[in-house]
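Participant: sharing a model prediction with you, sequence too.
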Amino acid sequence: MRAYEKEYDACSFICGIDEAGRGPLAGPVVAGAVVLKKDAQILYLNDSKKLSEKRREELYLEIQEKAVSWAVGIAGPERIDEINILQATYEAMREAVSKLSVPPDILLNDAVTIPGLDIPQVSIIKGDAKSVSIAAASVMAKVTRDHMMARYGELYPQYGFAKHKGYGTAAHIAALKEFGPCPIHRRSFIKNFV
């Protein structure tokens, strides 16, 4: 998990970047950016999709403690509809990087190259399973988004957002057909269902 961090060891601040929420029908896309301390030991850190919710919540707190800096960027459903999911993801990633308290020397990204940044970037396929920094960013993005979706679940209880986080489950699609879209639905993603 640290091969890429070792490869760029000459850099003072190595930043991992990843996103959560590119596929759902509702809610924001959230990008995480994390600069870990060089000697940070974080057990069980892995691609957030492979971790239990309880483990992600524990890691979310541990990463906050052990990071030199971390931040998230958010692009909401209106923005996703306006500029498309890929551009909205890049925007959220640029926002996350801009909010870091230290300027990163290099960005380790999960399978993307972010336009509009003048920091060297390394795009790593399946990066969240190969880089501890990207795995940490993955957890921060996912947990932040999950917390947001739980709050939306309280605002719009008929859709079950706390359970499916806005993904296109059968229950979510049934609720969408019954109640129509709510303000956090991505209009460009749901036209096949409503």
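Facilitator: Okay, I see it. Residues are numbered from 1 along each chain as shown.

Participant: how about the strands in this structure?
Facilitator: For the chain, applying DSSP state E gives strands covering 14-20, 29-36, 67-75, 106-110, 121-124.

Participant: out of those, which is closest to Gly160?
Facilitator: Gly160 lies closest, by Cβ to Cβ, to one member of the strands of the chain: strand 14-20, at 18.3 Å. C-beta coordinates here come from the backbone N, C-alpha and C atoms, glycine included.

Participant: for the closest one, what is the distance to the chain centroid?
Facilitator: Computed by Cα atoms, centre = their mean, to the nearest Å, the separation of strand 14-20 from the middle of its chain amounts to 8 Å.

Participant: what are the pairing partners of it, and which direction each?
Facilitator: Partners of strand 14-20 in the sheet, by DSSP bridges, are strand 29-36 (antiparallel), strand 106-110 (parallel).

Participant: run the angle between the longest helix seen in the chain and strand 67-75 for me.
Facilitator: As assigned by DSSP state H, the longest helix anywhere in the chain is helix 132-155. Helix 132-155 and strand 67-75 are oriented at 50 degrees to each other (axes from the mean of the first three to the mean of the last three Cα atoms, to 10 degrees).

Participant: and helix 132-155, C-alpha only, in PDB?
Facilitator: Provided in PDB are the C-alpha atoms of helix 132-155 (Å, rounded to 0.1, in the frame of the first residue of the first chain):
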ATOM      1  CA  VAL A 132      -2.300   4.500   1.400                       C
ATOM      2  CA  SER A 133      -2.900   8.300   0.600                       C
ATOM      3  CA  ILE A 134      -5.500   7.500  -2.000                       C
ATOM      4  CA  ALA A 135      -7.200   5.000   0.300                       C
ATOM      5  CA  ALA A 136      -7.300   7.600   3.100                       C
ATOM      6  CA  ALA A 137      -8.900  10.100   0.600                       C
ATOM      7  CA  SER A 138     -11.400   7.500  -0.400                       C
ATOM      8  CA  VAL A 139     -12.500   7.000   3.200                       C
ATOM      9  CA  MET A 140     -12.800  10.800   3.900                       C
ATOM     10  CA  ALA A 141     -14.900  11.300   0.700                       C
ATOM     11  CA  LYS A 142     -17.100   8.300   1.300                       C
ATOM     12  CA  VAL A 143     -17.800   9.000   5.000                       C
ATOM     13  CA  THR A 144     -18.400  12.700   4.400                       C
ATOM     14  CA  ARG A 145     -20.900  11.800   1.600                       C
ATOM     15  CA  ASP A 146     -22.600   9.100   3.700                       C
ATOM     16  CA  HIS A 147     -23.100  11.600   6.500                       C
ATOM     17  CA  MET A 148     -24.700  14.100   4.000                       C
ATOM     18  CA  MET A 149     -27.000  11.400   2.600                       C
ATOM     19  CA  ALA A 150     -28.100  10.400   6.100                       C
ATOM     20  CA  ARG A 151     -29.100  14.100   6.700                       C
ATOM     21  CA  TYR A 152     -30.900  14.100   3.400                       C
ATOM     22  CA  GLY A 153     -32.600  11.000   4.500                       C
ATOM     23  CA  GLU A 154     -34.100  12.900   7.400                       C
ATOM     24  CA  LEU A 155     -35.300  15.700   5.100                       C
END
